[in-house]
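1. just need the structure, nothing else, for what follows:
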Amino acid sequence: MSNNISNNTNNNNSSVSAEELKKTALNLANKIYDLDERVYKSVGSDLGRVFIGDKDKCIDKLSMLIYSNPHGYKLRSEVALVGNMARTIQDKQEKSKFMTEYNDILNEIAEIPHIFNSVDIMDTAISELNVSNLHRHNDDKRMIICISRTEGSAGTDIGFALADKLHLNYYDAEIFKDIVLRKDAEKDARFKSTKIDLSHDMVKPEKARRFSRNHGLPAGDAAFFNESEILRELAEKEDFIVIGRCADVILKNNNIPHISVFITAPIEQRARRIMELEKIPYSKALKRLAKFDKKREKYYRFYTNNTWGQAYNYDLCINSASYGIDEAVNLILRVIDREKH
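-> Next up, the predicted model:
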């Protein structure tokens, strides 16, 4: 049947017991924590550490995330942060060693059932007509790729897989949230170190910190402008792939070269993918699609005054059901190859 959703999970995984999965998750959690710790020491940045606090608690939390999260979205963001930091290491030999470990961890995670890319979005009948001419990109020139997507279209999975293929840093909402929190912590530290007499002020110190941090803006607006500033800073120093966050418009308004991609798929296949990922009925999957798509459309229009998902706003629009995750990645690689030659 042409509308079947392909499942890339290795069939051998179905025979793996819960106890074996827990052991695998714990082993991986230790590897990720250890890699983060060593990368942090190598970089020497106080803001470089992804997993902060009691080691055992961090490993337990990470292990549960690996074992219990059926999508791996949160896990993917956490692991990507370690990879992003490792790519900043100046010593080429040390950087290569860490990136090899990072890729090995990604491969181990990919073998666990219901983790990255476990549920595809492919319409196999259409896919067979489209994949034959795609080829891979092997250039290493500067590149920034912005990916927008509808809910359930596997756009986030495609973006992460593309970042892995191109060895680029990966940023999404979770990572931006983490960066903003760290920047806020820095601002709070500077605020506390500034000796200001507040004894006659009507404003409490905590409110004063929030006002200073947000420049008097509502929290949502402050978050958007903070993320915009972070995007501009990143674009000055590195190649990367960014998911959502109105990145295409922010970069365009700042005259920063980039490739913008919009990924979607027919609503039926997106709903069935969500059904399989979330283990929910079709009706609830449809409601989820409508909720998240409406939220993204509203956010995009509010901060950009553009129409989210309108084809002419993007360099490339992909029906991910026509290719599936892997070949959608290859299609983007082909476009990148054309852009750079």
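
2. quick one: low-confidence residue ranges for this structure.
-> 1-16, 45-48, 69-72, 113-142, 184-217, 338-341 (pLDDT under 70).

3. what segments of it are strands?
-> Using DSSP state E, the strands found in the chain span residues 144-149, 169-171, 240-243, 259-264, 316-319.

4. what's the closest of those to Ser283?
-> Among the strands of the chain, the nearest to Ser283 by Cβ to Cβ is strand 259-264 (20.8 Å). In short, each C-beta sits where N, CA and C put it, glycine included.

5. partners of that closest one, with directions?
-> In the sheet, strand 259-264 lines up against strand 144-149 (parallel), strand 316-319 (parallel) (DSSP bridges).

6. which one of those strands is the most hemmed in?
-> strand 144-149 (a mean of 25; mean count of other Cβ atoms under 10 Å).

7. dump that strand to CSV, restricted to CA.
-> Provided in CSV are the C-alpha atoms of strand 144-149 (Å, rounded to 0.1, in the frame of the first residue of the first chain):
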residue,chain,number,x,y,z
ILE,A,144,24.1,27.8,7.0
ILE,A,145,20.8,25.9,6.5
CYS,A,146,17.5,26.9,8.0
ILE,A,147,14.8,24.2,8.2
SER,A,148,11.1,24.9,8.9
ARG,A,149,8.6,22.1,9.0
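
8. contact partners of that strand?
-> 155-156, 158-159, 162, 168, 235, 239-244, 247-248, 251, 256-264, 296, 300, 308-309, 314, 332, 336 (Cβ atoms under 8 Å, 6 or more residues apart in numbering).

9. would you turn the strands paired with strand 259-264 into JSON lines with distance to Tyr102?
-> What follows is the strands paired with strand 259-264, written out as JSON lines (distance: least, Cβ to Cβ, whole Å):
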{"stretch": "strand 144-149", "distance to Tyr102": "20"}
{"stretch": "strand 316-319", "distance to Tyr102": "27"}
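
10. just tell me which of those ends up closest to Lys22.
-> strand 144-149 (32.1 Å).

11. what separates that closest one from the chain centre, distance-wise?
-> Strand 144-149 sits 10 Å away from the centroid of its parent chain (Cα atoms, centre = their mean, to the nearest Å).

12. kindly report the same for stretch 35-53.
-> Using Cα atoms, centre = their mean, the offset of stretch 35-53 from its chain centre is 20 Å.

13. middle-most residue in this structure, spatially?
-> Nearest to the geometric centre of the chain sits Asp172, at 3.5 Å (Cα atoms, centre = their mean).

14. which phi and psi values does that one adopt?
-> phi -140, psi -170 (degrees, to the nearest 10).

15. quick one: it and Gly244, what's the gap?
-> Computed with Cβ to Cβ, to the nearest Å, the distance linking Asp172 and Gly244 is 7 Å.

16. again, but for Leu28
-> Here Leu28 is placed at a distance of 27 Å from Gly244 (Cβ to Cβ).

17. just Thr304 next, same as before
-> 12 Å.

18. so the two - more neighbours on which side?
-> Taking other Cβ atoms under 10 Å, Thr304 and Gly244 do not tie; Gly244 has more neighbours (21 against 16).

19. just to revisit the earlier point, so which of the strands paired with strand 259-264 gets nearest Ala222?
-> Here strand 144-149 is closest among these (Cβ to Cβ), at 21.8 Å.

20. number of nearby residues for Asp315?
-> Around Asp315 there are 15 residues (other Cβ under 10 Å).

21. wait, Arg273
-> Neighbour number of Arg273 under other Cβ under 10 Å is 26.

22. I'd say Tyr282 and Met275 touch.
-> Yes: Tyr282 is in contact with Met275 according to Cβ atoms under 8 Å; the separation is 5.9 Å.

23. for the two, indicate the residue with more neighbours.
-> It is Met275, of Tyr282 and Met275, that has more neighbours when counted by other Cβ under 10 Å, with 20 against 12.

24. does the more buried one touch Pro281 like I think?
-> Yes: between Met275 and Pro281 there is a contact under Cβ under 8 Å: 7.0 Å.

25. show me what Tyr171 is bridged to.
-> With DSSP bridges as the criterion, the beta-bridge partners of Tyr171 are Val242.

26. which ones are touching it?
-> Ala80, Asn84, Leu234, Phe240, Ile241, Val242, Ile243, Arg245 are the contacts of Tyr171 under Cβ under 8 Å, 6+ apart.
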